[in-house]
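K.L.:
fold the following and give me the result.
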Amino acid sequence: MPSAQDWINNPLGVVEGLFEQSNSNPEWEKRVVDFFKDKLAEKEAQTWVPSLNDVPLHYMKPNSLVKFRCMVQDMFDPEFYMGVYEVVDQATKSKSLKCGKYKDVTECGQVDFNSRNTVPSERQTFYCVPVPGESPWVKECYARSSQARVIPSTSYTPNRQKRSYEEDDDMDTQSQRPGDSNSGSKGSGDLQGNGDCKRLETEAPSSSSTSPPSCASPLDLNYPLPGEQGPACLVKVYDEWEGFKLNDTLEVFGILSVDPALSGVGEEKEVSSLLDPEESMETAEEQRAHSPPPSLVPRLHMVHAVPLQHNNPLLPPAASEEVVASFLSELGSVRSEFLSFLTHILLGDALAAEYLLLHLISNVYARRDILPLGKFTLNLSGCPHSSPYTEHLYRILQQLVPSSYRLPMSLHNMNSMRMVPRKDHVANRLVSGALQLASNTSLFLDETQLEQGQLDTAGVRNITALGNLISWQKVDYDFNYHQMEFPCNINVLVASEGRSLLPSDCQVHLQPHMTPPNAEEYLSALHAAQAPSQMNKYRLYLTVARQLEYSITEEVTKAVEEDFVEMRKDDPQSMSAEDLHRMLIVSRLLSISLGQTTLSTDVWMKTKHLELLRMNRIQQQKSVNGHEP
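P.N.:
Okay, the predicted model is just below:
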């Protein structure tokens, strides 16, 4: 059994040691999971594990324990692999049992596929990508907290990821191990036997000169957002995969597999399927999509996964309760400082800053039938059309939230972008879209970029998808013959010149109290004036506020109802049920922003005051412009 310090560098040694001690007792698999859970629960142990988010793949040691902060972008069909198999030593003819779990390739030696001791097992494969739109400060903070020490792997050269697929194939051929000429080179999931068992594993070739033009580019890693960087991984899940959902955000701890033989297995499989199509249940397109070269998309065999409620590194899951408890005492003072910062960002508009703060801490906390509760989409109207102000405003907001994306709503983008994910039935994969985002992502819709012109069919679909996202917090994925609803929790901020053409929960018309000659210089100087520790307070404030519980007592509920009736006495048209609903949302967010977990009379009065100021401002703009701003 390897010593304790080997559990990161040689996790397969731990697995094999527990397997050998098991004497065919099935409990050994649980003991493996418990071992790694216990190790990772030790103080700072998780920071010792190198992260694929921070460290280039060629610096990673194959078959070592690594971690990956990611979103589940797609889920493939389950696959079979050899959980236990028997090998025959060619020299001595002795037989021994080997463990196939957490591996892609069997060990060297002659595998006896007819042995009664061979045990087939099943695992699930997730296609995982880095968290879409993750802010640079988040990546930097995670990287700084790492204590992992890595050296360049001898299996990969530093420019490995830049090689073409043809070069990858050449390198993979040269890197074959001595035993790869026999059955030991086959993937451990390949149940070949006498041909009775069809291989259901999703391992496929990296490239093919016969690929039709309609095939997706081999370099397409299926990121939801354009311009994204970072690794994508095929995560192999062995236990309780039913508990994971599409678009879940996870930190996966697993055993890294980058064996070049995986590309060879795929090539052999594709050739056999071309010679005899009945030999393969998969199309060539499906094989390419499901098994890209391991040098570009490594395999990660999960031993443990931590679901992430958020990806703010300042509030680690292990210490979240303690951090929240200690931070609550200074929540009020941080709110005042943060509100002042937002006021300066919004050119001196304190009212707009109040609503922007409430928007940033909003969160879908429950669903009642189809109605998402807690969402607070803000339409910030009055933004200049010709000025780059909105772009620079987004850059500031990007420094505050863990994940975000700015979508310029130009006519070209609306007509050409793929926003809704769709199912590619030929390649049997989910082709991602810009609205496949992780929970709590801030989506900044820049409507000031929209110019005159005609929306085509795709543009109309995209506008409809954005409207459904805002109104119902759902995205209808396109499965060709039907649509499938996927609920989401996306904070949407719409910046527009007049009232947005999209729905919103609240509109605030911007009234600048200053007009800097250069918006970029002004906002850059404003951001630079904030100390890093102060920015971290704002970031922590937003995450902590989102996690606070909130409830309303029966007495307060009755008082609010009586106040609503009183407000409608003189003019029933002045206050609708929709207005009351919005006021309840504002009062909830206002209470949480102050660190209060229930509604007080003071907060309710402040809510009424804020709403009165906001509505008066809209009415003033309406009378000035002759139409609703």
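
K.L.:
list the contacts of the strand or helix carrying residue 14.
P.N.:
Secondary-structure element containing residue 14, defined by DSSP states H and E: helix 11-22. The contact list for helix 11-22 (Cβ atoms under 8 Å, 6 or more residues apart in numbering) reads 1-2, 6-7, 28, 31-32, 35-36, 63-65, 99, 101-103, 255, 303. C-betas here are computed from N, CA, C, even on glycine.

K.L.:
can you tell me which of those end up in helices?
P.N.:
28, 31, 32, 35, 36 (DSSP state H).

K.L.:
where's the first one relative to residue 34, distance?
P.N.:
Translated: residue 28. Here residue 28 is placed at a distance of 11 Å from residue 34 (Cβ to Cβ, to the nearest Å).

K.L.:
contacting residues for residue 563?
P.N.:
Counting by Cβ under 8 Å, 6+ apart, residue 563 has contacts residue 604.

K.L.:
number the residues from 366 up from this point.
P.N.:
Taking 366 as the first residue, the last one we looked at is residue 928.

K.L.:
among the ones in helices among the contacts of helix 376-387, who's most crowded?
P.N.:
The residue in the ones in helices among the contacts of helix 376-387 with the most neighbours, by other Cβ atoms under 10 Å, is residue 397 (23 neighbours).

K.L.:
export the ones in helices among the contacts of helix 376-387 as a markdown table, with columns for pLDDT and distance to residue 587.
P.N.:
Listed next are those as a markdown table, based on pLDDT from 0 to 100; distance: Cβ to Cβ, whole Å:
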| residue | pLDDT | distance to residue 587 |
| --- | --- | --- |
| 393 | 88 | 36 |
| 396 | 93 | 36 |
| 397 | 93 | 31 |
| 400 | 95 | 34 |
| 401 | 95 | 29 |
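
K.L.:
what's the neighbour count on residue 963?
P.N.:
For residue 963, using other Cβ under 10 Å, the count is 13.

K.L.:
confidence score at the nearest residue to it once chain neighbours are set aside?
P.N.:
Excluding its sequence neighbours, the residue lying closest to residue 963 (Cβ to Cβ, 6 or more residues apart in numbering) is residue 916, at 5.7 Å. pLDDT recorded at residue 916 is 91.

K.L.:
isn't residue 916 up against residue 961?
P.N.:
No. Distance between residue 916 and residue 961: 10.8 Å, which falls outside the contact criterion (Cβ atoms under 8 Å).

K.L.:
who has more neighbours out of these two?
P.N.:
residue 961 (17 against 9).

K.L.:
the more buried one and residue 696: what is the separation?
P.N.:
As for residue 961, its distance to residue 696 is 9 Å (criterion: Cβ to Cβ).

K.L.:
what do you get for residue 715?
P.N.:
Separation of residue 715 from residue 696 (Cβ to Cβ): 19 Å.

K.L.:
neighbour count for the two, which is higher?
P.N.:
Neighbour count, other Cβ under 10 Å: between residue 715 and residue 696, residue 696 has more, with 19 against 15.

K.L.:
just give the nearest non-adjacent residue to that one, would you?
P.N.:
residue 960 (3.8 Å).

K.L.:
how near is residue 898 to residue 908?
P.N.:
Residue 898 is 16 Å from residue 908, where distance means Cβ to Cβ.

K.L.:
among the two, which residue is more densely surrounded?
P.N.:
Per other Cβ under 10 Å, whichever of residue 898 and residue 908 has more neighbours is residue 908, with 22 against 7.

K.L.:
helix, strand, or coil at the more buried one?
P.N.:
Assigned state for residue 908: helix (three-state reduction, DSSP: H, G, I helix; E, B strand; the rest coil).

K.L.:
look up phi and psi at the nearest residue to it once chain neighbours are set aside.
P.N.:
In space, and not counting its chain neighbours, residue 908 is closest to residue 677: 4.4 Å by Cβ to Cβ, 6+ apart. Per-residue torsions, residue 677: phi -90, psi 110 (degrees, to the nearest 10).

K.L.:
same check, this time on residue 733
P.N.:
The phi/psi pair for residue 733 (degrees, to the nearest 10) reads phi -110, psi 110.

K.L.:
look up how far residue 863 lies from it.
P.N.:
With Cβ to Cβ as the criterion, residue 733 and residue 863 are 32 Å apart.

K.L.:
then residue 721?
P.N.:
When residue 721 is compared with residue 863 (using Cβ to Cβ), they lie 19 Å apart.

K.L.:
try residue 887
P.N.:
Counting by Cβ to Cβ, the gap from residue 887 to residue 863 is 24 Å.

K.L.:
before we move on, the earlier item: what is the most widely separated pair among the ones in helices among the contacts of helix 376-387?
P.N.:
Largest separation among those by Cβ to Cβ: 393 and 401, giving 13.3 Å.

K.L.:
what secondary structure does the residue lying farthest from the centre of the chain sit in?
P.N.:
Going by Cα atoms, centre = their mean, the residue of the chain most distant from its centre is residue 457, 51.2 Å out. State at residue 457, reduced to three classes by three-state DSSP: coil.

K.L.:
can you give me the pLDDT of it?
P.N.:
Looking at residue 457, its pLDDT reads 80.

K.L.:
same question, residue 536
P.N.:
Residue 536 carries a pLDDT value of 39.

K.L.:
and if you look at the one 3 residues further on?
P.N.:
We note a pLDDT of 39 for residue 539 in this prediction.

K.L.:
next: residue 919.
P.N.:
89.

K.L.:
how about the one 4 residues further on?
P.N.:
Residue 923 carries a pLDDT score of 91 in this model.

K.L.:
what of residue 652?
P.N.:
On the pLDDT scale, residue 652 gets 85.

K.L.:
which strand or helix spans it?
P.N.:
Assigned by DSSP H and E, residue 652 belongs to helix 649-655.

K.L.:
before we move on, what about residue 826?
P.N.:
With DSSP H and E as the criterion, residue 826 is inside helix 822-837.

K.L.:
what does that helix rub up against?
P.N.:
For helix 822-837, contacts defined as Cβ under 8 Å, 6+ apart pick out 735-737, 742, 776, 779-782, 784-785, 800, 808, 810, 820, 839-841, 853, 855, 857, 859, 866-869.

K.L.:
so who does the nearest residue to residue 912 once chain neighbours are set aside touch?
P.N.:
In space, and not counting its chain neighbours, residue 912 is closest to residue 689: 6.4 Å by Cβ to Cβ, 6+ apart. Going by Cβ under 8 Å, 6+ apart, residue 689 touches 680, 909, 912.

K.L.:
so which of those comes closest to residue 750?
P.N.:
Relative to residue 750, and with distances defined as Cβ to Cβ, the nearest of the contacts of residue 689 is residue 909, at 36.4 Å.

K.L.:
the closest one contacts residue 693, correct?
P.N.:
Yes. With contact defined as Cβ under 8 Å, residue 909 counts as touching residue 693 (7.5 Å).

K.L.:
which one of those two is surrounded by more residues?
P.N.:
With other Cβ under 10 Å as the criterion, residue 909 and residue 693 differ in neighbour count, and residue 909 comes out ahead with 23 against 14.

K.L.:
next one: that one from residue 699, what distance?
P.N.:
Computed as Cβ to Cβ, the residue 909 to residue 699 distance reads 9 Å.

K.L.:
one more: residue 479?
P.N.:
Taken as Cβ to Cβ, the span from residue 479 to residue 699 is 68 Å.

K.L.:
sweet, I'm off.
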